[in-house]
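Novice: Prediction below, plus the sequence it came from.
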Amino acid sequence: MAAAEPWKGCLNLAEIEAAGAAAMAPGPRAYYEGGAGDEVSLRDNRAAFERWRIVPRMFVPNVPRDASVEILGRRWPQPFAIAPMALQRNGHPDGEVAVARAAAARGLTYCLSTCASATFAEIEAAGAPRWFQLYLLSSRERSQALLEEAEATGHEAVILTIDTPVTGLRERDIRDGYALPEGVEYCLIRRAGSQRGTSVLDDAIQPTYSWDDLAWVLSATRLPVLVKGILHADDARRAIEMGAAGIIVSNHGGRQLDMAVAGLDALPAIAAAVGDRGVVLMDGGVRRGTDVLIALALGARAVLLGRPVLFALPLGGEPAVGHVMDLLAKEVDRALNLSGIPNARDWRREHLVRAGTLPGAAG
């Protein structure tokens, strides 16, 4: 193995994260790795998956396995996409472009963040199926312009993130002195006088949200709108009733309100509230193919993958990111094989039990 390709020695996503973190300077590493406050929610996102066990079925015919799922009228080859994440050029000069190219090569959907360090045109050129994640800006006109550019550059949907009126208390960023590295900027938020400081977010993002804001976004774009950051079934139900196409169950990777419930724990009630009226996705803590299938069993149509992609970037850009995607896809395939539930669309709550309980027991 060539030293220039360190990701090739990583057997799973946790090893990618560890290797990528070791390769980064303290400030950018803290920005990628850290959560809010005491990071209870950050840890709980991972622990939530460990509270479940899969009950395999045997004597299942050896039929072809199928990991594909249908999302908003398009068939995804895998039940996962790439989450919207800020400032990917913290990890590699190609940043978002490298990730989008890797996704394009595999037919995976790439979600572009309002806080990206790449432009709409760069992501369009990468060729991946793409969604645009919107933070409502203090300037309604600028929010409208972002939506219009997302439509013009071929994005298939809008993700309205509503859990970030201000940034969470991210003490790692403060302790390790994170600041935008030279050459990295918020390419979609261009505001004179604040471009070089991380406070640009608190300056630019709308400081409060109401249901009227969701109504405005629904009226301002022809694209389907999914609402991200929902953790309560009543909020999910109301968003769908107003016309949202779906819900992304998320506590923002544990980066906003510490002690917030893990997305996986909130997922079943939200999936029940939405029913067949919209699509439900989730993020937070996904590290294994079995995690993906657990989320599907609890009501998600697919999951969004975050930090492992970020930590692959400093290990080698696009090829390293592609390795992450391939590792997860292979794990999903193996889990479909070994579980006796070979079609991702067939996963249900009945295929799981709570850790420590027996199959057939309530839980």
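Specialist: That came in fine, so what should we check first? Residues are numbered from 1 along each chain as shown.
Novice: How about the contacts made by the most centrally placed residue in the chain?
Specialist: What sits nearest the mean C-alpha location of the chain, by C-alpha atoms, centre = their mean, is residue 83, with 2.7 Å. The contact partners of residue 83, by C-beta atoms under 8 Å, 6 or more residues apart in numbering, come to 111, 283, 304, 305, 306, 309. (Each C-beta comes from the backbone N, C-alpha and C, glycine too.)
Novice: 7 Å instead?
Specialist: By C-beta atoms under 7 Å, 6 or more residues apart in numbering, residue 83 lies in contact with 111, 283, 304, 305, 306.
Novice: And for residue 282?
Specialist: By C-beta under 7 Å, 6+ apart, residue 282 lies in contact with 248, 249, 250, 263, 264, 267, 295, 300, 303.
Novice: tell me which element it is part of?
Specialist: strand 279-283 (DSSP states H and E).
Novice: Just checking: what are the partner strands of that strand?
Specialist: Its sheet considered, strand 279-283 pairs with strand 246-249 (parallel), strand 302-305 (parallel) by DSSP bridges.
Novice: Pick the most buried one from those.
Specialist: Of the strands paired with strand 279-283, the one with the most neighbours on average (mean count of other C-beta atoms under 10 Å) is strand 246-249, at a mean of 29.
Novice: next structured bit after it?
Specialist: helix 263-274.
Novice: Excluding its own residues, what touches that next one? List them.
Specialist: Helix 263-274 has contacts (C-beta under 7 Å, 6+ apart) with 45, 48-49, 230-231, 233, 236-237, 240, 247, 249-251, 280, 282-285, 295, 298-300.
Novice: now do 8 Å
Specialist: Residues from elsewhere that reach helix 263-274, judged by C-beta under 8 Å, 6+ apart: 44-45, 48-49, 230-234, 236-237, 240, 246-247, 249-251, 280, 282-285, 294-295, 298-300, 349.
Novice: Likewise for stretch 349-363?
Specialist: The contact list for stretch 349-363 (C-beta under 8 Å, 6+ apart) reads 50-55, 57, 268, 294, 297-299, 339, 341.
Novice: Could you turn the buried ones of the residues you listed into a ChimeraX selection?
Specialist: This is the ChimeraX syntax for the buried subset of those, where burial follows 16 or more other C-beta atoms under 10 Å:
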select :51,52,53,54,268,294,297,298,299,339,341
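Novice: out of the contacts of stretch 349-363, which are inside strands?
Specialist: Among the contacts of stretch 349-363, DSSP state E puts 52, 53, 54 in strands.
Novice: a markdown table please, covering the residues you listed and showing distance to residue 87.
Specialist: Shown next, in a markdown table, are the ones in strands among the contacts of stretch 349-363 (distance: C-beta to C-beta, whole Å):
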| residue | distance to residue 87 |
| --- | --- |
| 52 | 33 |
| 53 | 37 |
| 54 | 36 |
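Novice: mind putting those in JSON lines, distance to residue 316 and pLDDT included?
Specialist: Below are the ones in strands among the contacts of stretch 349-363 laid out as JSON lines (distance: C-beta to C-beta, whole Å; pLDDT from 0 to 100):
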{"residue": "52", "distance to residue 316": "33", "pLDDT": "98"}
{"residue": "53", "distance to residue 316": "35", "pLDDT": "98"}
{"residue": "54", "distance to residue 316": "33", "pLDDT": "98"}
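Novice: closest to residue 119 among those?
Specialist: Checking the ones in strands among the contacts of stretch 349-363 against residue 119 with C-beta to C-beta, the nearest one is residue 52 at 40.4 Å.
Novice: who's that closest one bridged to?
Specialist: Here residue 52 sits in beta bridges with residue 354, going by DSSP bridges.
Novice: still on that earlier bit, now the residue nearest to the centre of the chain. Nearest residue, chain neighbours left out?
Specialist: Setting aside the residues directly before and after it, residue 83 is nearest to residue 304 in space (C-beta to C-beta, 6 or more residues apart in numbering), at 3.7 Å.
Novice: For the one you found, name its beta-bridge partners.
Specialist: Per DSSP bridges, the residues bridged to residue 304 are residue 81, residue 283.
Novice: Could I get the strands paired with strand 279-283 in CSV, plus columns for mean pLDDT and distance to residue 117?
Specialist: Shown next, in CSV, are the strands paired with strand 279-283 (pLDDT from 0 to 100; distance: least, C-beta to C-beta, whole Å):
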stretch, mean pLDDT, distance to residue 117
strand 246-249, 98, 22
strand 302-305, 98, 19
